[in-house]
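Undergrad: 3D model of this:
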Amino acid sequence: MTKDQKRAFTRIFFDAETIVSQGNNDCIVQLVDISLRGILIEMLPEQKLAGNTPVEVCIHLGGDLQICMTASIANTRDNRVGLACDFIDVESMTHLRRLVELNTGDTALLERELHLLT
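TA: Numbers count the residues shown, from 1 in each chain. Model prediction:
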């Protein structure tokens, strides 16, 4: 994926309880933004992730609704970590799609971004 394609996905600034897990290491982190392609999180200085190991992400939306995905570390800068979505189940993708749609208000934009994922 080229740099232009990475930026083609609308980022939604969103605050929700987010837990990242890697092996036996579970961290509650600050969700900065989310897109159809992945998320940006902010971690505390003492929290660490290994760069070559997949990360499980669970974003709690309220009630029993959540977005869960398997991701890989795409980039790091200071305490911020960009995670690229490698796998997301159908139910989580449905919640993510609805979140993006509600926050952009543009169904055509959403459809273009979904097309880029294929």
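
Undergrad: can you map out the strands along this structure?
TA: Counting by DSSP state E, the chain has strands at residues 12-13, 17-22, 25-34, 38-42, 55-62, 65-77, 80-88.

Undergrad: just say which of those strands is most tucked in.
TA: When you average the neighbours per residue for each of these (mean count of other Cβ atoms under 10 Å), strand 38-42 leads with a mean of 22. C-betas here are computed from N, CA, C, even on glycine.

Undergrad: partner strands of it, parallel or antiparallel?
TA: In the sheet, strand 38-42 lines up against strand 25-34 (antiparallel), strand 80-88 (antiparallel) (DSSP bridges).

Undergrad: just the angle between the first one and strand 17-22, please?
TA: Here strand 25-34 points in a direction 130 degrees away from that of strand 17-22 (axes from the mean of the first three to the mean of the last three Cα atoms, to 10 degrees).

Undergrad: circling back to that earlier point, save the strands paired with strand 38-42 as a markdown table, and put in mean pLDDT and distance to Ile67 too.
TA: Shown next, in a markdown table, are those (pLDDT from 0 to 100; distance: least, Cβ to Cβ, whole Å):
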| stretch | mean pLDDT | distance to Ile67 |
| --- | --- | --- |
| strand 25-34 | 93 | 8 |
| strand 80-88 | 95 | 7 |
